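A.B. asks: Pasting a predicted model and its sequence here:
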Amino acid sequence: MADDNPDSDSTPRTLLRRVLDTADPRTPRRPRSARAGARRALLETASSRRLSGQTRTIARGRSHGARSIGRSAHIQASGHLEEQTPRTLLKNILLTAPESSILMPESVVKPVPARQVVQPSRQESSCGSLELQLPELEPPTTLAPGLLAPGRRKQRLRLSMFQQGVDQGLSLSQEPQGNADASSLTRSLNLTFATPLQPQSVQRPGLPRRPPARRAVDVGAFLRDLRDTSLAPPNIVLEDTQPFSQPMVGSPHVYHSLPCTPHTGAEDAEQAAGRKTQSSGPGLQKNSPGKPAQFLAGEAEEGDAFALGFLSTSSGVSGEDEVEPLHGGVEEAEKKMEEEGVSMSEMEATGAQGPSRVEEAEGHTEVTEAEGSQGTAEADGPGASSGDEDASGRAASPESASSTPESLQARRHHQFIEPAPAPGAAVLSSEPAEPLLVRHPPRPRTTGPRPRQDPHKAGLSHYVKLFSFYAKMPMERKALEMVEKCLDKYFQHLCDDLEVFAAHAGRKTVKPEDLELLMRRQGLVTDQVSLHVLVERHLPLEYRQLLIPCAYSGNSVFPAQ
Amino acid sequence: MEEEAETEEQQRFSYQQRLKAAVHYTVGCLCEEVALDKEMQFSKQTIAAISELTFRQCENFAKDLEMFARHAKRTTINTEDVKLLARRSNSLLKYITDKSEEIAQINLERKAQKKKKSGDGSKNSKQPAEAGVVESEN
């Protein structure tokens, strides 16, 4: 309590402390009741914020305040409702009140460790709540000044320490104290870590805070396990695949009709591959993870390559394929993916699902956000035999999405060799969408009509469905068609603008600068809101690393370009 | 300092008002012509609305032009920027393109005349003329 701030500018906290120090001898009443009356007067009238104001006023008129408190103590000596001493209550308030003295961290540090109140208090502020919860912290807190230095060193270990030491009161107590004298940023970090803790939960072991890391390796291992455990006879598979073998053949033709000159040969190969997959019959639900698992487990890398291939061009192609908005359009690969997505869908689901899958696989060149793809993927996700595959598989896909061209080539090479892994990979890639997806309702697995729409416009249907979802009321079909037309024109317009902007700058490639110019014209990017701000706000975290220079240059604020 | 800023702002504001008044007047004249032509009267609110719209659109144009010039890493606004601005409406774009070609041609002819005056002979006059023809075809 004698650790007064050497600075002349005192925080309300320090001033209040002084009041507490000086107020005692002046109350003519019994110390306890006087304090009770005085503190109660304070407590009754103030929330924590108001208290700070009061403490200021009290601090300024310290002597007067004390006297007035003494006088009020006379009046309110009727009895203290609280059994705790008001002094300790006030200390609680000091502890739990938000630390406003960002400018003078040192002033806060010293009083904070000194405060060791065992009583439960509000869980608002970090340090206070932590300290109050743990009675055994008292001895360590007295060592606080000595621990400040190690606390600083431990700042970087904060995360790991926190996770390890959740059930260890000591480490927790050290952290807030050690970090309290650091910048307010760390304090705010303390806040975020500490506030979720409830007083009762301290005794429990720490909950895992890190989301389970999803790695490609897990996929392989998991599939190996699946393969080892389940291997269904092929006969059943054949029976199941028969009902939708025909639409399977039909759908690739639809996509062949699309202009895709350089890769028609590849598409034919894919078609053959697709049929092969059907005949080989990995169509059973149980078998679908198993058989692709065989291939995949054997060649996890190639499976990843397939996943890459799917991911790179998936942009809304099929439900199973994950959308990677990074590289929305390699048309050839996209067509392939559609076909493979179709074949995959056959394999993955029952017959009823197959045509619906194909319909969903009408995804198109439009770059859609990952959420959109996840929306479609999620529909197929439940169809998959296990949700665990989803998580592990999808994990593989985001990580591998970057190497598009390599994956495409790998795909073409491996087409004949492993038709099955492709669907398996696609299955895997779609699966992780399930846990990530929250918004989109699962699509009904009805035998929808054959895709009679122009496949170029097919991707817009996804946006239209989003539109109708957010409209929250039933919409006429004509209205939806109009929406689709408008969207089509809008996107064409945008792309024309982008092309013109690039040509205006004497380039042939559309670059982010062109997009920034476009968004500036749209009014989305202003002098106050920059493109990076929008990226951080709306795009998933992966794109932040790709789009924001300071992020992909390893966190150097001014990256050398 | 604050007073200076205030007076400056007041000046700017009055300047803006004068500009708006000028635009309003011009719009009024144009509307009168159209009214005479189509035998249809314009109410004052219409003219006011049109003039306000024109003024704001001019602001937008100016900002866009500056953005385009900066996008092309220039500090001067060019006819290219203006053409980019007018790309939306086809007829306007065509009109502007024709006009710009006319102006380019006139400039070339002037250059040709200057060169002629400097006494380089008839050769130069032919060459810029051909170049002008070629450009106009473009």
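C.D. replies: On my side now, so go ahead.
A.B. asks: Any stretches of chain B with poor pLDDT?
C.D. replies: The model of chain B has pLDDT under 70 over residues B:120-138.
A.B. asks: Chain A contacts on that one?
C.D. replies: Within chain B, the positions adjacent to chain A are B:64, B:67, B:68, B:71, B:72, B:73, B:80, B:81, B:84, B:87 by C-beta under 8 Å from any C-beta of the partner chain. The C-beta positions use only the backbone N, C-alpha and C, and glycine is treated the same way.
A.B. asks: From those, which land in helices?
C.D. replies: B:64, B:67, B:68, B:71, B:80, B:81, B:84 (DSSP state H).
A.B. asks: Let's have these in CSV, adding neighbour count.
C.D. replies: Output for these, formatted as CSV (neighbours: other C-beta atoms under 10 Å in any protein chain shown):
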residue, neighbour count
B:64, 17
B:67, 18
B:68, 24
B:71, 19
B:80, 15
B:81, 21
B:84, 23
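A.B. asks: Return the distance of residue A:521 relative to residue B:80.
C.D. replies: Residue A:521 is 16 Å from residue B:80, where distance means C-beta to C-beta, to the nearest Å.
A.B. asks: what do you get for residue A:495?
C.D. replies: Taking C-beta to C-beta, one finds residue A:495 at 20 Å from residue B:80.
A.B. asks: same thing with residue B:88?
C.D. replies: From residue B:88 to residue B:80 the distance is 16 Å (C-beta to C-beta).
A.B. asks: before we move on, the earlier item: quick one: which of the residues of chain B next to chain A is nearest residue B:54?
C.D. replies: residue B:64 (15.2 Å; C-beta to C-beta).
A.B. asks: And for that closest one, nearest residue in space, chain neighbours not counted?
C.D. replies: residue B:85 (5.7 Å; C-beta to C-beta, 6 or more residues apart in numbering or on different chains).
A.B. asks: Ok, residue A:506 next?
C.D. replies: residue B:72 (7.1 Å).
A.B. asks: Quick one: neighbours of that neighbour, just the number.
C.D. replies: 18 (other C-beta atoms under 10 Å in any protein chain shown).
A.B. asks: tell me which element residue A:488 is part of?
C.D. replies: Assigned by DSSP states H and E, residue A:488 falls within helix A:477-504.
A.B. asks: Which helix or strand lies directly C-terminal to that helix?
C.D. replies: Following helix A:477-504 toward the C-terminus (DSSP H and E): helix A:512-522.
A.B. asks: if we look at that following helix, which residues are touching it?
C.D. replies: A:494, A:497-498, A:501-502, A:505, A:525-526, A:531, A:534, A:547, B:64, B:67-68, B:71 (C-beta atoms under 8 Å, 6 or more residues apart in numbering or on different chains).
A.B. asks: Flag the least confident of the residues you listed.
C.D. replies: The lowest pLDDT within the contacts of helix A:512-522 belongs to residue A:547, with 76.
A.B. asks: pretty sure that one contacts residue A:539?
C.D. replies: Yes - the pair residue A:547 and residue A:539 passes the contact test of C-beta atoms under 8 Å, sitting 7.3 Å apart.
A.B. asks: now the helix or strand containing residue B:91: how far from the chain's centre is it?
C.D. replies: Using DSSP H and E, residue B:91 falls within helix B:90-118. The chain centre lies 15 Å from the centre of helix B:90-118; the measure is C-alpha atoms, centre = their mean, to the nearest Å.
A.B. asks: Which strands or helices does it pack on?
C.D. replies: helix B:79-85, helix B:122-137 (3 or more C-beta pairs under 8 Å, 6 or more residues apart in numbering or on different chains; DSSP states H and E).
A.B. asks: how many neighbours does residue 95 have?
C.D. replies: Unless you meant another one, I'm taking chain A. 25.
A.B. asks: ah, no, chain B please
C.D. replies: 12.
A.B. asks: ok, now the one 5 residues further on?
C.D. replies: When neighbours are defined as other C-beta under 10 Å, residue B:100 has 15 of them.
A.B. asks: quick one: contacts for residue B:79?
C.D. replies: B:100, B:103.
A.B. asks: what do you get if the cut-off is 10 Å, keeping everything else the same?
C.D. replies: Neighbour list for residue B:79: B:96, B:97, B:99, B:100, B:101, B:103, B:104 [criterion: C-beta atoms under 10 Å, 6 or more residues apart in numbering or on different chains].
A.B. asks: now the residue nearest to residue A:506: how far from residue A:462?
C.D. replies: 36 Å.
A.B. asks: what about the longest helix in chain B?
C.D. replies: Chain B, longest helix under DSSP H: helix B:2-38.
A.B. asks: Please spell out which residues along stretch B:11-26 are buried.
C.D. replies: B:23, B:24 (16 or more other C-beta atoms under 10 Å in any protein chain shown).
A.B. asks: before we move on, what about stretch A:14-23?
C.D. replies: So for stretch A:14-23, counting by 16+ other C-beta under 10 Å, buried means A:14, A:15, A:16, A:17, A:18, A:19, A:20, A:23.
A.B. asks: Convert it to CSV, retaining C-alpha atoms only.
C.D. replies: This file holds the C-alpha atoms of stretch A:14-23, laid out as CSV (Å, rounded to 0.1, in the frame of the first residue of the first chain):
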residue,chain,number,x,y,z
THR,A,14,-3.3,5.4,-6.6
LEU,A,15,-5.2,8.3,-5.3
LEU,A,16,-7.9,6.0,-4.0
ARG,A,17,-5.2,4.0,-2.4
ARG,A,18,-4.0,7.1,-0.7
VAL,A,19,-7.4,7.8,0.4
LEU,A,20,-7.7,4.3,1.9
ASP,A,21,-4.4,4.9,3.6
THR,A,22,-5.3,8.2,5.0
ALA,A,23,-8.9,7.8,5.7
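A.B. asks: For the residue minimising distance to the centre of chain B, give me its contacts.
C.D. replies: Nearest to the mean C-alpha position of chain B, by C-alpha atoms, centre = their mean, lies residue B:82 at 7.7 Å. Taking C-beta under 10 Å, 6+ apart as the criterion, residue B:82 is in contact with B:61, B:64, B:65, B:68, B:93, B:96, B:97, B:99, B:100.
A.B. asks: so where's the stretch 151-300 of chain A uncertain?
C.D. replies: A:151-220, A:229-300.
A.B. asks: Any residues of it in contact with chain B? List them.
C.D. replies: Nowhere does the stretch 151-300 of chain A come near chain B, counting by C-beta under 10 Å from any C-beta of the partner chain.
A.B. asks: How about chain A?
C.D. replies: Counting by C-beta under 10 Å from any C-beta, the residues of chain A that sit close to chain B are A:493, A:496-497, A:500-507, A:513-514, A:516-517, A:520-521.
A.B. asks: and residue B:88, how many residues sit next to it?
C.D. replies: 10.
A.B. asks: Contact partners for it?
C.D. replies: Applying C-beta under 10 Å, 6+ apart, the residues contacting residue B:88 are A:493, A:497.
A.B. asks: ok so, going back, what would the residues of chain B next to chain A look like in a markdown table with distance to residue B:29?
C.D. replies: What follows is those, written out as a markdown table (distance: C-beta to C-beta, whole Å):
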| residue | distance to residue B:29 |
| --- | --- |
| B:64 | 27 |
| B:67 | 31 |
| B:68 | 30 |
| B:71 | 36 |
| B:72 | 36 |
| B:73 | 40 |
| B:80 | 31 |
| B:81 | 28 |
| B:84 | 30 |
| B:87 | 29 |
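A.B. asks: closest to residue A:84 among the residues you listed?
C.D. replies: residue B:67 (64.9 Å).
A.B. asks: domains for chain A, by residue range?
C.D. replies: Per the record, chain A has its domains at A:457-507, A:511-550, by the TED database.
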